[in-house]
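S.K.: Sequence and computational prediction follow.
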Amino acid sequence: MTPHPLPRDPLDLVLAWAEAGHAAALATVVATWGSSPRPPGSMMAIDATGRIEGSVSGGCVEASVVDAAETVMQGGAPEVLSYGVTSEQAWAVGLACGGELDILVESVGPEGTLDPALLRHAMALRRERRPALLATRLTDMRHILVERTAGGSMAAHGGADLPDHMLPALDMAFRGGRSMRHEAPDGEAWFLHLLTPPHRLLIVGAVHIAQVLAPMAAATGFAVTVIDPRTQLATPERFPGIPLVTEWPDEALAALNVDDHTAIVTLTHDAKLDDPTLRAALDSPAFYIGALGSRKTQTSRLGRLREAGYDDGRAARIHGPVGLAIGAIGAPEIALSILAEIVAVRRDAPLGRRPGWT
């Protein structure tokens with residue numbers, strides 16, 4: 001298959017640029033009101049050569065933000081830009097969606113307000129899928145990297161002290177899964193930027209549908225891994241740019257530490273691979289479990305799970321037939337239906353509960 005270009009993470013990219021010695025800046029949405037196109041925490045990386053990755057408004061204000069970033073990279077102070085439909089600048093750049101947003105622009109590097117060492121530590125926590133958050137005081141760009149421990153307490157990295165007033169807001173951000181603005185009792189504004197690890201899609205079965213589903217899911221922001229012990233199928237040539245695991249599926253899932261940001265789909269049509277995958281998935285906190293197959297296949301599958309000790313209540317977590325009932329024919333349409341159902345479940349949309357199969 002032809003390789004698909006996959007989106008790159010703005011944080012990873014801005015850190016790489018800065019560490020390579022390039023002037024770089026990071027723009028982050030720190031507040032929104034109304035129907036703003038991008039939520040708080042959305043990012044765009046910019047460097048002095050004009051490279052850009054990410055988005056802060058879906059195209060409305062990016063050119064204006066790049067202009068501000070160029071000033072910041074040349075030694076200017078960090079800036080919080082405000083855009084809204086009543087703003088003269090907003091009309092000039094085309095923000096006509098009826099919303100308002102504030103965007104923080106700061107430089108990354110030894111001369112900037114964002115320390116590469118701090119970002120490096122933050123990215124390491126995210127890669128390890130440990131809950132982390134970057135708290136920024138917007139008046140002076142003081143940054144505190146916060147991790148929520150397994151016990152639920154807050155730990156500040158780098159010896160920083162966490163103000164007591166921030167603890168309830170930090171807990172709210174972690175529990176709600178959203179970046180947010182926080183106002184301290186003294187009126188100081190903080191931005192709590194949740195560095196959530198990307199949602200994952202673990203695809204069991206390096207089959208033709210997986211060749212379409214993997215890059216499609218990656219393009220929508222999922223961290224995708226394909227699992228299949230059949231090494232003649234799980235090859236880099238068939239899955240360019242996609243991580244491959246060739247262990248037995250249940251062993252692979254145990255090693256990958258499935259969390260509640262993980263979706264699991266099995267596409268093998270082979271009970272020897274499907275059944276251990278589904279048992280491991282049902283024992284995990286995965287937010288989505290799907291299995292390819294007809295209603296007859298699903299009935300047989302549920303019977304085997306019942307014999308293995310999984311009652312109907314637990315097995316009801318499995319979406320099968322997998323995907324939305326859109327009349328899909330062929331691998332691309334089936335992949336589309338699967339990804340659409342995963343997104344619907346992730347967003348708690350009605351289609352995630354009623355996919356249309358009768």
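M.R.: Great, that's in hand.
S.K.: Is Gly41 in contact with Arg178, as I believe?
M.R.: Yes - because the distance of 7.4 Å satisfies C-beta atoms under 8 Å, Gly41 is recorded as touching Arg178. The way it works is simple: take the backbone N, C-alpha and C, and place the C-beta from them, glycine included.
S.K.: Show me whatever sits in contact with both of those two.
M.R.: Common neighbours of Gly41 and Arg178 (criterion: C-beta atoms under 8 Å, 6 or more residues apart in numbering): Leu194.
S.K.: Neighbour count: those two, which is higher?
M.R.: Comparing Gly41 with Arg178 by other C-beta atoms under 10 Å, the one with more neighbours is Gly41, at 20 against 14.
S.K.: so what's the closest residue in space to that one that isn't next to it in sequence up against?
M.R.: In this structure, Gly41 finds its nearest non-sequential neighbour in Ser179, 3.2 Å apart by C-beta to C-beta, 6 or more residues apart in numbering. Residues near Ser179 by C-beta under 8 Å, 6+ apart: 39-41, 173, 191-194.
S.K.: Please tell me how far Ser179 sits from Leu125.
M.R.: Ser179 sits 15 Å away from Leu125, going by C-beta to C-beta, to the nearest Å.
S.K.: In three-state terms, label Ala335 for me.
M.R.: Classification of Ala335 using DSSP: H, G, I helix; E, B strand; the rest coil returns helix.
S.K.: List the residues that contact it.
M.R.: Neighbour list for Ala335: 209, 212-213, 216 [criterion: C-beta under 8 Å, 6+ apart].
S.K.: Could you dump those residues into a markdown table and include pLDDT?
M.R.: Below are the contacts of Ala335 laid out as a markdown table (pLDDT from 0 to 100):
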| residue | pLDDT |
| --- | --- |
| Ile209 | 97 |
| Val212 | 97 |
| Leu213 | 98 |
| Met216 | 96 |
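S.K.: Now the two most distant members of those.
M.R.: Using C-beta to C-beta, the contacts of Ala335 reach their maximum pairwise distance at Ile209 and Met216, which is 10.3 Å.
S.K.: For the residue nearest the centre of the chain, give its distance to Met123.
M.R.: Computing the C-alpha centroid of the chain and ranking residues by C-alpha atoms, centre = their mean puts Pro198 first, at 2.8 Å. Distance of Pro198 to Met123, computed by C-beta to C-beta: 12 Å.
S.K.: cool, Val29 as well?
M.R.: Taking C-beta to C-beta, one finds Val29 at 19 Å from Met123.
S.K.: Could you check how far Ile256 is from Gly221?
M.R.: If you look again at residue 256, you'll see it is Leu, not Ile. Shown here: Leu256 relative to Gly221, a distance of 18 Å by C-beta to C-beta.
S.K.: Check Leu133 too.
M.R.: Separation of Leu133 from Gly221 (C-beta to C-beta): 19 Å.
S.K.: higher neighbour count, these two?
M.R.: Set Leu133 next to Gly221 and count neighbours by other C-beta under 10 Å: Leu133 wins out with 24 against 13.
S.K.: three-state assignment of that one?
M.R.: Following three-state DSSP, the label given to Leu133 is strand.
S.K.: Ok, Met44 next?
M.R.: strand.
S.K.: lowest confidence element among the helices and strands of the chain?
M.R.: Ranked by mean pLDDT, DSSP states H and E, the weakest helix or strand in the chain is helix 88-93, scoring a mean of 51.
S.K.: Assumed Ala68 was part of a helix.
M.R.: Yes - per three-state DSSP, Ala68 lies within a helix segment.
S.K.: Can you give me the neighbour number for it?
M.R.: Ala68: 20 neighbours (other C-beta under 10 Å).
S.K.: picking up where we left off before, pick out whichever of Ile209 and Met216 has more residues nearby.
M.R.: The neighbour comparison of Ile209 against Met216 (other C-beta under 10 Å) goes to Ile209, with 22 against 18.
S.K.: could you say what helices and strands the helix or strand in which that one is found packs with?
M.R.: Assigned by DSSP states H and E, Ile209 belongs to helix 208-219. Packing contacts for helix 208-219, counted by 3 or more C-beta pairs under 8 Å, 6 or more residues apart in numbering; DSSP states H and E, involve strand 200-204, strand 223-227, helix 331-346.
S.K.: Tell me what angle it forms with strand 223-227.
M.R.: Angle of helix 208-219 versus strand 223-227, following axes from the mean of the first three to the mean of the last three C-alpha atoms, to 10 degrees, is 160 degrees.
S.K.: next one: helix 208-219 to chain centre, how far?
M.R.: In terms of C-alpha atoms, centre = their mean, to the nearest Å, the centre of helix 208-219 is set 16 Å apart from its chain centre.
S.K.: now stretch 182-191
M.R.: Taking C-alpha atoms, centre = their mean, one finds stretch 182-191 lying 27 Å from the centre of the chain it belongs to.
S.K.: which other residues reach it?
M.R.: Contact with stretch 182-191 is made by 28, 30-31, 40, 104, 135-139, 163, 165-166, 169, 179-181, 192, as judged by C-beta under 8 Å, 6+ apart.
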